[in-house]
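Asker: predicted model follows, preceded by the sequence.
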Amino acid sequence: MRILILSQWFDPEPNFKGLAFARKLASYGHTVEVLTGFPNYPGGKLYPGYNLRPWKIEWMDGIRVCRVPLYPSHDRSAVHRILNYFSFAVASAVLGPALVHRPDVIYVYHPPGTIGLPALVLRHWFSAPIVYDVQDLWPDTIVATGMLSNRHAIGLLDRLCRFVYRQADRIVVLSPGFRSALIARGVPASKIDMIYNWCDEAGIEPSGAPPISIGAPKDFTVLFAGTMGIAQGLDAVLEAARLCRETIPQARFVFIGGGIERDRLERKANDMRLDNVGFLPRQPMAAMGPILGLANVLLVHLKNDPLFRITIPGKTQAYLAAGRPILMGVNGDAADLMNRSGAGLLCDADNPSSIAEGVRRLFEAGPDQLEAMGCAGRAFYKRELSMAVGVAKFEALFQQVCAARGRGKADNASSTVDVGLSLKRLLDIAGAASALLFLSPVLAAVAIAVRLVLGGPVLFRQTRPGHLANPFIIYKFRTMSEAADSQGIPLSDGVRLHPFGAFLRRTSLDELPEFWNVLRGDMSLVGPRPLLMKYLPFYTEEERIRFTVRPGVTGLAQVKGRNQASWNARLRHDAAYVRNRSLLLDFKILWMTLAKVVKCEHVIVDPRSAMLDLDEERAAGTMFHSGM
């Protein structure tokens, strides 16, 4: 098979399903290729030897790696994270089809949730099945870590993830809880497989001399190794260290790694005068095996959040493989796995007293019992969690989805239109999301200006007919004032159109909120423009073809004369678009629209240019065309 790995993170970034995974698949005789970004995780800075460029092709141990540009960042800023995720999603969706070879199967590593956009583009472009490996539940994870709180953004991200789940051929999860959560979200149980994660076994093997010391021989060392972020909830561990300072003087807590919380935690430990706590810099994975071997106890801890009850932290597998006793401060599936392994003890997450009590019990267990726990953990890892076991399951799954896709090729030939429509919807989502993201400063500026000049409300809302003539609410920036006569009846549109509103129409800035309609599924980027509900009885049978597709932000009529064309001509163009629609035509219309918007061509800012007055048109006998 030809296997494509799609992952935002890949070696030299820390990622246990990175180069080692690719090499193992290649050892089965498969051709493996990778589409990824320029390495910048977890520090948010490009690694030495890498510079941003349109793309980069490199070979790593016989694996072809295609890198596309992204915005390098990994700090607390939600805006920076969004730019990081979306820049890779857009770059890989646009450049991926040209850079990689046609695969037989596409393996997708999730997170981030935005990886679903290029995954589906590549799926439809190459007609290849995707196996979607869910390592984090989005948007749950980013809500739990405090990265996102806006309910509209959360809802949008949730809809995107559910859309990707529906489109994926098979989904892999890392725990029983993840499987139950996806089933509750409507994913069929038959398309979900559970494959436990493994660790970087070459780096974790406890051999060789450790490059650093983590404590004195008399110390009872409790080691936390890995990312120190919000999800880890390590303030509770510092409080536990404060308790242990009095009850177990030999206990020493050591933190190794990086992350957005590391500096704050180190400052807090200093402020608390915790002389039994130490922080050491992040170490190469190849050095971690000997370092883990120095610890008396290895600590796993996450915040006490419902999401983390169904999560098994990646360091769990590394700790098991290292053969050292484990103190598990994660509730739920991770605790169940620990009980099955016999590799250590449990403590309550976010509970300093429980953590300190767990340290005390392990301290009093004695060397022989601790050694037995470590041996039990290593044996459990090799039997159920090792790379050999996991990759064999993935390889069998890839064979299954390829075989299923092969049997379905005859059906695919008859569903070309459905595939095209799915890809069109995917491109709508990617295009609208990108537009809203990159034009967000413009949207904010226009909204403020409308508020200052015209007052509230900022948005104009109106019911229009959409797909199958079903009504929806269209959103635009308001361009007219609320001027009314002495009886409260609004004045004519021409009188109420404000000069600032005329500017918005002339530059098409009033149309920008319609990208939200596209994300909601009410509209498409390209299609017949949605007119008023009251026009519905007056379309001919030929013109009603417009309702078989979603209405568009722009369309063939808009690039063939726009407001200067007659209504008959516009309706003919709309019908012609529907009969001849294709992705190539959509791209052509989008390009022509951009040119006309920049040049402000064929724009008439008179409100009557956009809508008809039914009473006057009926009187003239020209509704919409002669004889109607």
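Answerer: All right, it came through fine. Residues are numbered from 1 along each chain as shown.

Asker: tell me the predicted confidence for Pro97.
Answerer: Pro97 is assigned a predicted lDDT (pLDDT) of 88.

Asker: so which strand or helix has it?
Answerer: Applying DSSP states H and E as the criterion places Pro97 in helix 78-99.

Asker: same for that helix, what does it pack against?
Answerer: strand 31-37, strand 63-68, helix 116-126, helix 416-438 (3 or more Cβ pairs under 8 Å, 6 or more residues apart in numbering; DSSP states H and E). All C-beta spots, glycine's among them, are computed from the backbone N, C-alpha and C.

Asker: what comes up buried for the next helix or strand after it?
Answerer: Next along the chain after helix 78-99, taking DSSP H and E as the criterion, comes strand 105-110. The neighbour-count check on strand 105-110 (16 or more other Cβ atoms under 10 Å) flags Val105, Ile106, Tyr107, Val108, Tyr109, His110 as buried.

Asker: just checking: what are the partner strands of strand 105-110?
Answerer: strand 2-6 (parallel), strand 130-134 (parallel) (DSSP bridges).

Asker: got the contact list for the first one?
Answerer: Spelled out, it's strand 2-6. Outside of strand 2-6, the residues within contact range by Cβ atoms under 8 Å, 6 or more residues apart in numbering are 17, 21-22, 25, 30-36, 92, 96, 100-109, 115, 118-119, 122, 128, 398.

Asker: list the contacts of Leu426.
Answerer: So Leu426 contacts Leu117, Leu120, Val121, His124 (Cβ under 8 Å, 6+ apart).

Asker: show me which of those residues is closest to Pro210.
Answerer: Using Cβ to Cβ, Leu117 comes nearest to Pro210 of those, at 42.7 Å.

Asker: now list the buried members of the contacts of strand 2-6.
Answerer: 17, 21-22, 25, 30-36, 92, 96, 100, 103-109, 115, 118-119, 122, 128, 398.

Asker: now do the helix holding Pro97 against strand 2-6, angle only.
Answerer: For helix 78-99 against strand 2-6, the angle by axes from the mean of the first three to the mean of the last three Cα atoms, to 10 degrees is 160 degrees.

Asker: okay, angle between helix 78-99 and strand 63-68 too, please.
Answerer: Here helix 78-99 points in a direction 130 degrees away from that of strand 63-68 (the same axes, to 10 degrees).

Asker: where do the helices sit along the stretch 451-600 of the chain?
Answerer: 493-496, 499-507, 514-520, 556-559, 567-580, 583-599 (DSSP state H, counting those that start in this stretch).

Asker: and among those, the most buried is which?
Answerer: Most buried of these, by mean neighbour count (mean count of other Cβ atoms under 10 Å): helix 556-559, with a mean of 24.

Asker: so for it, mean pLDDT?
Answerer: 88.

Asker: need the CA coordinates for that helix. PDB is fine.
Answerer: Listed next in PDB are the C-alpha coordinates belonging to helix 556-559 (Å, rounded to 0.1, in the frame of the first residue of the first chain):
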ATOM      1  CA  LEU A 556     -22.400  33.600 -12.400                       C
ATOM      2  CA  ALA A 557     -24.900  36.500 -12.600                       C
ATOM      3  CA  GLN A 558     -22.600  38.600 -10.400                       C
ATOM      4  CA  VAL A 559     -19.700  38.300 -12.800                       C
END
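
Asker: for it, which helices and strands make contact with it?
Answerer: Packing contacts for helix 556-559, counted by 3+ Cβ pairs under 8 Å, 6+ apart, involve helix 567-580, helix 583-599.

Asker: go with 10 Å
Answerer: Helix 556-559 makes packing contacts with strand 524-526, helix 567-580, helix 583-599 when contacts are defined by 3 or more Cβ pairs under 10 Å, 6 or more residues apart in numbering; DSSP states H and E.

Asker: can you add distance to Leu302 and give those back as CSV?
Answerer: Compiled in CSV, these are given as follows (distance: least, Cβ to Cβ, whole Å):
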stretch, distance to Leu302
strand 524-526, 41
helix 567-580, 52
helix 583-599, 44
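
Asker: picking up where we left off before, of all the helices and strands packed on helix 78-99, which one is nearest Asp275?
Answerer: For Asp275, the closest of those is strand 31-37, at 41.5 Å, according to Cβ to Cβ.

Asker: and the closest one with strand 2-6, angle?
Answerer: In terms of direction (the same axes, to 10 degrees), strand 31-37 departs from strand 2-6 by 20 degrees.

Asker: contact partners of the helix or strand following strand 31-37?
Answerer: Sequence-wise, the next helix or strand downstream of strand 31-37 (DSSP H and E) is strand 56-60. Identification of contacts with strand 56-60 by Cβ atoms under 10 Å, 6 or more residues apart in numbering yields 10-12, 18-19, 22-23, 34, 38, 50, 64-69, 99-100.

Asker: just the buried members of those?
Answerer: By 16+ other Cβ under 10 Å, the contacts of strand 56-60 give 10-12, 18-19, 22-23, 34, 38, 50, 64-69, 99-100 as buried.

Asker: picking that back up, out of the contacts of Leu426, which one sits closest to Ala286?
Answerer: The closest of those to Ala286 turns out to be Leu117 (Cβ to Cβ; 34.3 Å).

Asker: okay but the closest one is in contact with Asp428, surely?
Answerer: No: with contact defined as Cβ atoms under 10 Å, Leu117 does not count as touching Asp428 (11.1 Å).

Asker: count residues in the vicinity of the closest residue in space to Val187 that isn't next to it in sequence, would you?
Answerer: With Cβ to Cβ, 6 or more residues apart in numbering as the criterion, Val187 has its nearest non-adjacent residue at 5.0 Å, and that residue is Tyr165. Residues lying near Tyr165 (other Cβ atoms under 10 Å) number 20.

Asker: if we can go back for a sec, closest one of the contacts of Leu426 to Cys402?
Answerer: Of the contacts of Leu426, the one sitting nearest to Cys402 (Cβ to Cβ) turns out to be His124, at 16.7 Å.

Asker: from Gly44, how far off is the most centrally placed residue in the chain?
Answerer: When the chain is reduced to its mean C-alpha position, the closest residue under Cα atoms, centre = their mean turns out to be Gly113, at 1.8 Å. Gly113 sits at a distance of 19 Å from Gly44 (criterion: Cβ to Cβ, to the nearest Å).

Asker: quote the end-to-end distance of stretch 336-349.
Answerer: Taking Cα to Cα, to the nearest Å, stretch 336-349 runs 14 Å from one end to the other.

Asker: look at Leu345 and give its secondary structure.
Answerer: strand (DSSP: H, G, I helix; E, B strand; the rest coil).

Asker: could you count how many residues lie near it?
Answerer: Look at Leu345: counted by other Cβ under 10 Å, it has 19 neighbours.

Asker: contact partners for it?
Answerer: Applying Cβ under 10 Å, 6+ apart, we find Leu345 in contact with 297, 325-329, 338-339, 357-359, 361-362, 365, 373.

Asker: domain ranges for this protein, per the record?
Answerer: According to automatic domain parsing, the chain comprises the domains 2-198+388-414, 203-383, 417-620.

Asker: worst average pLDDT in these?
Answerer: Lowest mean pLDDT within the domains of the chain: domain 417-620, at a mean of 81.

Asker: Gly329 against Leu299, yeah?
Answerer: Yes: taking contacts as Cβ under 10 Å, Gly329 lies within contact range of Leu299: 6.7 Å.

Asker: more crowded one of those two?
Answerer: Shown here are Gly329 and Leu299; by other Cβ under 10 Å, Gly329 has more neighbours (31 against 27).
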